[in-house]
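Chemist: Quick one, structure for this:
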Amino acid sequence: MPALKEFDYKDLYPLKIIKNNREYKLALKSLEAVFDETNGNLAEYAETLTVLIEYYESEHFPMKDSNGVEILKFLMTQNGLKQKDLVGVLGEKSSVSEILNGKRSLNLKHIKALADKFNVKPATFI
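Modeler: Numbering: from 1, shown residues only. Just a heads-up that it's a prediction; the model follows:
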């Protein structure tokens with residue numbers, strides 16, 4: 001979507017409940033157009049539209065609850081890491097293997113180390 005200066009305000013998604021995929025896509029394009037706004041009516045519009053989009057996504061694209069190890073595996077994939085890359089972060093090779101295979105739980109020390117490694121909040125792994 002073009003920058004807002006080139007975008008016609010009448011093309012912005014109206015602030016109403018998103019009911020279908022077509023409206024969802026228009027809402028996303030509209031949010032993209034106003035995303036960088038930090039003051040004034042457009043900033044308030046962006047904030048409200050974000051709430052509407054989040055509601056639609058939670059209803060139509062629910063996320064299953066994930067545990068810390070599933071999230072760790074996802075982050076490893078996203079960062080191109082292998083099991084051996086976590087040796088030292090989670091302990092010895094055997095500890096890493098046990099954690100990734102669900103035979104051992106993440107402890108507080110593991111969680112803090114992983115949060116630092118992946119630059120995320122520790123609660124990500126809880």
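Chemist: Name the residues that touch the helix or strand bottoming out on mean pLDDT in the chain?
Modeler: None of the helices or strands of the chain scores lower by mean pLDDT, DSSP states H and E than helix 40-60, at a mean of 91. Helix 40-60 has contacts (CB atoms under 8 Å, 6 or more residues apart in numbering) with 4, 12-13, 15-18, 24, 27-28, 30-31, 34-35, 37. All C-beta spots, glycine's among them, are computed from the backbone N, C-alpha and C.
Chemist: The residues you listed, buried ones only, as a ChimeraX selection?
Modeler: The buried subset of those, as determined by 16 or more other CB atoms under 10 Å, is captured in ChimeraX by this line:
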select :4,12,13,18,24,27,28,30,31,34
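Chemist: Using PDB, write out the CA atom coordinates for the least confident helix or strand of the chain.
Modeler: What follows is helix 40-60, C-alpha atoms only, in PDB (Å, rounded to 0.1, in the frame of the first residue of the first chain):
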ATOM      1  CA  GLY A  40      -3.300  12.900  16.400                       C
ATOM      2  CA  ASN A  41      -6.300  11.200  14.900                       C
ATOM      3  CA  LEU A  42      -4.400   8.800  12.600                       C
ATOM      4  CA  ALA A  43      -2.400   7.500  15.600                       C
ATOM      5  CA  GLU A  44      -5.700   6.900  17.400                       C
ATOM      6  CA  TYR A  45      -7.100   5.300  14.300                       C
ATOM      7  CA  ALA A  46      -4.100   3.000  14.000                       C
ATOM      8  CA  GLU A  47      -4.400   2.000  17.700                       C
ATOM      9  CA  THR A  48      -8.100   1.200  17.400                       C
ATOM     10  CA  LEU A  49      -7.700  -0.600  14.100                       C
ATOM     11  CA  THR A  50      -5.000  -2.800  15.700                       C
ATOM     12  CA  VAL A  51      -7.500  -3.900  18.400                       C
ATOM     13  CA  LEU A  52     -10.000  -4.800  15.600                       C
ATOM     14  CA  ILE A  53      -7.400  -6.800  13.700                       C
ATOM     15  CA  GLU A  54      -6.200  -8.600  16.900                       C
ATOM     16  CA  TYR A  55      -9.800  -9.600  17.600                       C
ATOM     17  CA  TYR A  56     -10.400 -10.900  14.100                       C
ATOM     18  CA  GLU A  57      -7.200 -12.900  14.200                       C
ATOM     19  CA  SER A  58      -7.900 -14.300  17.600                       C
ATOM     20  CA  GLU A  59     -11.300 -15.600  16.400                       C
ATOM     21  CA  HIS A  60     -10.200 -16.800  12.900                       C
END
